[in-house]
Each structure stands twice: as structure tokens, then as C-alpha cells.
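Undergrad: here is a sequence with its predicted model. Questions after.
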Amino acid sequence: MAGDGFSLISLDGASDVVIKLLDMVKDAVGWVASPHGAQIDFNDALVVYKKSIEDGNEADGIVKAAKMASARKDLRKYLNTGKIISYAIPVLDEDAKMEVDSDWLAYFFDYAENISDDSIQKIWARILAEQCNGDTSIKRTLIHILSLLDSRTAKAFGKLCRITFKYPLMPIYEHFGTKFLSEYIPLVIGSKISGLHLAFPEGHELRNLALEYRACIPEPNDIAILQEIGLIELPEKRETTFEYPFNFGLVHHDYSGKGNKYKSTTIQDYIVEYFGVKYRITPKSIEGCTDLEEIQEKLPKTIKFGTVKFTTVGESLYKMIPSEHIDGFDSMFRFYLNGQEFNVEEI
């Protein structure tokens, strides 16, 4: 745990959703927020807890001895649970649905009570809050994987989140594809490409950008662990790049005409998003083309986006945890896509 001090949850002025959450946790796992609002030190609390055992009604000395032996572990689990709940409360929506199954809560806290790292507790708190808010995408698989996440691995995943773009998910590919393809994709590119920016002099903004970007690429060992626990996927062949379908969805046919002939054909924009900023990606191959059939022929089938992609669980976790963007990161993105013969325009 980051520190032994812990402020128990105060019910003074607590909202209805907070009271509901505490009642649900009490019913599911027996955790009670008491005493309310007291600032305690772990070691002092341990003394009080052990004394309560000594003064208890159990006649059997063996029972008391067993409880005393496990007192430190039990209290630690109690405080871990309390901290996660306290971190979850500010993330609760005022109109949170609070329709959480008791079995889900029991499963969640069976793992959560053993999490003592403060940064990891905040991730667990976010999961709990989103479940209470009504997110139905949180599966038990995510909870299990989170139980394998240590502080270093969590930081490595957080770094990937900082360099992640949202790509358009093409309905045709989604329907016929054989593998899951997340629409949230971290831009992990080769060191040779990002290293070109390091040629700029010390203090240059593009050099600083390259250094900040490279700091967001996890170490090979961390990448391996993220893959092993199921948050990311790597290409089957080393040093190859994942490709995303580019042409699917860009050409739109309206088949509502008589005789099953399309009335009109349009070329739709390919929009990529980075922390709320949208970019239009246009192939250089269609510059100056006006004929739709010619455009269709010249559209590239795929676009490369790097050597890492999220799994279903990784995508769920990415969408729940907050992360910070990198100022000026679009220049790195533009440079990478220009090398693939794409133009990038902020819209």
C-alpha cells in the first residue's frame, strides 16, 4: 500500500448512489464502512483490532490465536476494499443505475481486496464505478486480468494509452473478419522511424516530441507481459506491422434503385481521432481523380498502424482509465502516414 494511513468513508452528506453502493457491498461481501470518517493509522488500527479479538466472546483460545495470527492480513484486506470504494465514489454518475449483481461484486472483491498498490487500486475503482454506472461490457475476464497487473505493468499499459488513436471501424470488415480488431490502436512504430526526429538539435520541439513518444513505448519485457496477461496482441511474425482495412466503407453504394442497381456512389471520408481531435486521411493515389470508378481502383486496401493492438479486454480497460495526450503528437502521426503515401488533414 502506498501509505499506512487511511481515511474511512464518511457518510455525512453522502448521496443516494453512495449509500446504495455501500449497502450493495455490505450485502455481497459483508464490508461495512465503520467508523465513519475517522483518520486512522494502520498499526494503530491493528492494535485496536487485535484487542477486540482478545476481548471477544470466544471461549476457545485456539480460535482467538488463529484470529490474532491473521489479523494483519484481514485488516489489510478491509482497508484495501475501503480505499477502492472511496476512489470509486467520485466517478459514480449522479444517476448511476446501480444494477450490480451480488455475484459480480463478490467476484470483484475476492480479487480487489488483495490489491494494495495505490495506482492499481484507482484502476479497480474505475472498473467498479463504471459497472455501477451501467457499463455492461465489463466481463469477469477483465477482473481476472487486472488481478495479474502490477504497478510496473499498469504504467506500461498507461503509456500505450497516451499514443492511442481511434480508427473508423468498418462494418463490412467487422462482419466478415475472423479476428477481433479494436478501433483503439496505439501507434507503436519502429525505432528507425521515430529516431529520425532525434537528429534535430538539443531542445528542438521535434526532438523533444520524439523523446516523449519513445518514453511511451514500453520495454520489451513489459510488452511481453502485457501480451501474456491478455491486454495486447502482437504480430505473429516479428517486426511486421498490423494492417487495418482502408477501402471498406469508403465507397458507399445505394442499392435502393429498381433492379437492384445502385442509385448513387459516394466516397466517404476516412477519419482518425486522437484525444478528441479528428484527422482526415486521404490517399495520395487519388489526388486529382474525379471519376468514381478510377478512385475505387486506386484506393489502397489497407493502412498500417503499428506493431501492437489491443485485445477485447485491453480495449475495455483503455476506455475506462484516464490518460493524457502528447502535445504535437500529430506531427509524428503525419510523418508515419506520409511514408505510406497518405495525406493527413486536421478537421
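TA: Alright, I've got the coordinates.

Undergrad: mind checking the longest strand of this protein?
TA: As assigned by DSSP state E, the longest strand anywhere in the chain is strand 277-283.

Undergrad: distance from it to the middle of the chain?
TA: Mean-position distance between strand 277-283 and its chain equals 24 Å (Cα atoms, centre = their mean, to the nearest Å).

Undergrad: strands of this structure, residue ranges please.
TA: Using DSSP E, strands in the chain cover 5-7, 39-41, 164-166, 184-186, 232-233, 242-245, 251-253, 265-267, 271-274, 277-283, 302-306, 309-310, 342-346.

Undergrad: wait, M98 touches L22, no?
TA: No - in this structure, M98 is not within contact of L22 by Cβ atoms under 8 Å, at 11.0 Å. Just so you know, the C-beta spots here come from the backbone N, C-alpha and C atoms, and that holds for glycine as well.

Undergrad: follow-up on the earlier one: I'd like the strands of the chain as TSV, with mean neighbour count and distance to E324 appended.
TA: As requested, those are exported to TSV (neighbours: other Cβ atoms under 10 Å; distance: least, Cβ to Cβ, whole Å):
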stretch	mean neighbour count	distance to E324
strand 5-7	15	27
strand 39-41	12	31
strand 164-166	19	12
strand 184-186	22	14
strand 232-233	22	20
strand 242-245	18	24
strand 251-253	13	36
strand 265-267	13	35
strand 271-274	17	12
strand 277-283	16	14
strand 302-306	18	19
strand 309-310	24	18
strand 342-346	15	19
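
Undergrad: in CSV: those strands, plus distance to R334 and mean pLDDT.
TA: Listed next are these as CSV, based on distance: least, Cβ to Cβ, whole Å; pLDDT from 0 to 100:
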stretch, distance to R334, mean pLDDT
strand 5-7, 47, 46
strand 39-41, 51, 52
strand 164-166, 12, 94
strand 184-186, 16, 92
strand 232-233, 25, 94
strand 242-245, 17, 83
strand 251-253, 25, 64
strand 265-267, 22, 71
strand 271-274, 11, 92
strand 277-283, 8, 92
strand 302-306, 14, 87
strand 309-310, 21, 92
strand 342-346, 4, 93
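
Undergrad: and those strands as TSV, adding distance to D118?
TA: Formatted as TSV, the strands of the chain follow (distance: least, Cβ to Cβ, whole Å):
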stretch	distance to D118
strand 5-7	11
strand 39-41	16
strand 164-166	24
strand 184-186	25
strand 232-233	24
strand 242-245	34
strand 251-253	49
strand 265-267	50
strand 271-274	29
strand 277-283	31
strand 302-306	31
strand 309-310	25
strand 342-346	37
